[in-house]
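Enquirer: how does the following fold in three dimensions:
(one chain, ligands or ions: 1)
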Amino acid sequence: MSNILGSATGRVVLGENLSILHDLPDECVDLIYVDPPFNTGKRQALRRIKTVRDSEGDRTGFQGQRYRTIKVGNTSYLDVFDDYLAFLEPRLEEFKRVLRTTGSLYFHVDYREVHYCKVLLDAIFGRECYLNEVIWAYDYGARTTKKWPPKHDNILVYVKDAERYFFDMDAVERIPYMAPGLVGPEKAARGKSPTDTWWNTIVPSNGKERTGYPTQKPLGILRRIVQASSPPGGIVADFFAGSGTAGAACLELHRKFLMVDNQLEAAQVMARRFAGQLEIEYVGFTPGEGQQPDALVGDSSAPASWDDTVDGQGDSDGTRQQALFADR
Ligand SMILES: C[S@@+](CC[C@H](N)C(=O)[O-])C[C@H]1O[C@@H](n2cnc3c(N)ncnc32)[C@H](O)[C@@H]1O
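Expert: Predicted coordinates:
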């Protein structure tokens, strides 16, 4: 079993995640959580299909590999997904490689992308390794009256090996019964296990956990993921780490962590967040150097999907298209 962190408890790396993944050995991480931005920075010519590697696929490609064709439509709107999937695919393949046999991937995404990502993840991990779709439900911002206001994110959970994965429900903090009067006092005091639907507020704008990083996710969500799907002392990695919420959960819960982000702002936010903690290594940057304090001030009270706050946006208007490219 390789220890990729040496004697460190945590490591924050500034760098492009794919090249860092390439340098990691096989089967070295217990849990991967990622919350990739919907923003690959490139847009290709319109294509109508997407192919993913699949031994039972309908096409033969390079070196006799079989591929399955996925129709992604013929509008530029859908083509945005095509680019996104092309960006994700090599990274997802690496995630699978670096996960231990008992490991899990939590892939955080929003309602517009989740179905495309599910198909891609099924092709890479196998349908039998799909464990759950966790719904993170929150209540924030204005409510459109033109459709059901979207107020949730999706977290797809895959395991590397459907027979051997680690999952410890007993380690997960219990939640109160909705109607405690209907269960005995003992049960009511103990609370119940959470299901696949998690109600959790977004990061409060005046809360202690707020870092100022615009896409910061709540610690409560990461705490639950780390509790259930990594063993005490295990290694947790986030290759789109942002403000390092996964690392913060690991510090509380005594797991080791590897946080990777390709933006100096994110790396510096993490360095500030973990300041004072012993045995944390910073790679590719010097904490406190080269940052522009103003650039670090974001609005972490914003929801995961930026356009949710704008009432009545239509799917076909320019504003929505912009929102699709926005980092969540
Ligand atoms: C949505 S944010 C993650 C927020 C994080 N979950 C949190 O709680 O703060 C996505 C992050 O991925 C980073 N990122 C995007 N592309 C990347 C890449 N190719 N390599 C490394 N990091 C990347 C962005 O800089 C951004 O900080």
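
Enquirer: quick one: the strands in the protein?
Expert: 10-14, 29-34, 49-53, 59-60, 66-71, 99-110, 130-137, 152-159, 197-199, 235-238, 256-261, 280-283 (DSSP state E).

Enquirer: what's the closest of those strands to the ligand?
Expert: Nearest of the strands of the chain to the ligand, taken as C-beta to the nearest ligand atom: strand 256-261 at 4.5 Å. C-beta here means a position set from N, CA and C on the backbone, and glycine is covered the same way.

Enquirer: indicate each strand paired with that closest one and its parallel or antiparallel sense.
Expert: strand 10-14 (parallel), strand 235-238 (parallel) (DSSP bridges).

Enquirer: can you check the pLDDT for whichever residue of the stretch 101-250 of the chain sits closest to the ligand?
Expert: Residue nearest to the ligand within the stretch 101-250 of the chain (C-beta to the nearest ligand atom): Gly242, separated by 2.5 Å. Listed pLDDT for Gly242 reads 97.

Enquirer: begin at 53 from here
Expert: In the new count, where the first residue is 53, that last one comes out as Gly294.

Enquirer: get me the contact residues on this protein for the ligand.
Expert: When proximity is defined by C-beta under 6 Å from any ligand atom, the chain lies next to the ligand at 68-69, 87, 89, 265, 267-269, 292, 294-295, 297, 312-315, 318, 379-380.

Enquirer: reformat the strands paired with strand 308-313 as JSON lines; add distance to Asp220, mean pLDDT and mean neighbour count.
Expert: Formatted as JSON lines, these follow (distance: least, C-beta to C-beta, whole Å; pLDDT from 0 to 100; neighbours: other C-beta atoms under 10 Å):
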{"stretch": "strand 62-66", "distance to Asp220": "21", "mean pLDDT": "98", "mean neighbour count": "23"}
{"stretch": "strand 287-290", "distance to Asp220": "14", "mean pLDDT": "98", "mean neighbour count": "28"}
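
Enquirer: Thr197 is nearest to which of the ones you listed?
Expert: strand 287-290 (36.7 Å; C-beta to C-beta).

Enquirer: what sits up against the closest one?
Expert: By C-beta atoms under 8 Å, 6 or more residues apart in numbering, the residues outside strand 287-290 that reach it are 55-57, 80-87, 150, 278, 282, 296-299, 301-302, 307-312.

Enquirer: are any of those residues buried, and which?
Expert: 56-57, 80-87, 150, 278, 282, 296-299, 301-302, 307-312 (16 or more other C-beta atoms under 10 Å).

Enquirer: if I look at Tyr334, how far off is Gly67?
Expert: Applying C-beta to C-beta, to the nearest Å, the value for Tyr334 to Gly67 is 12 Å.

Enquirer: these two: who's more crowded?
Expert: Tyr334 (20 against 16; other C-beta atoms under 10 Å).

Enquirer: that older thread, I'd guessed the residue of the stretch 153-302 of the chain closest to the ligand sits against Gln268; true?
Expert: Yes. Contact criterion C-beta atoms under 8 Å: Gly294 and Gln268 qualify, at 6.4 Å.

Enquirer: got the contact list for Tyr158?
Expert: So Tyr158 contacts Leu83, Ile84, Tyr85, Val86, Val186, Ile207, Leu208, Val209, Ile277, Ser281 (C-beta under 8 Å, 6+ apart).

Enquirer: before we move on, back to that, reformat the strands paired with strand 308-313 as CSV; add distance to Ile122.
Expert: Shown next, in CSV, are the strands paired with strand 308-313 (distance: least, C-beta to C-beta, whole Å):
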stretch, distance to Ile122
strand 62-66, 33
strand 287-290, 27
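
Enquirer: among the ones you listed, which comes closest to Ala138?
Expert: strand 287-290 (21.7 Å).

Enquirer: could you dump that closest one to CSV, C-alpha only?
Expert: The C-alpha trace of strand 287-290 is given here as CSV (Å, rounded to 0.1, in the frame of the first residue of the first chain):
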residue,chain,number,x,y,z
ILE,A,287,-6.3,9.2,2.4
VAL,A,288,-8.9,11.5,0.8
ALA,A,289,-8.2,13.4,-2.4
ASP,A,290,-9.9,16.3,-4.1
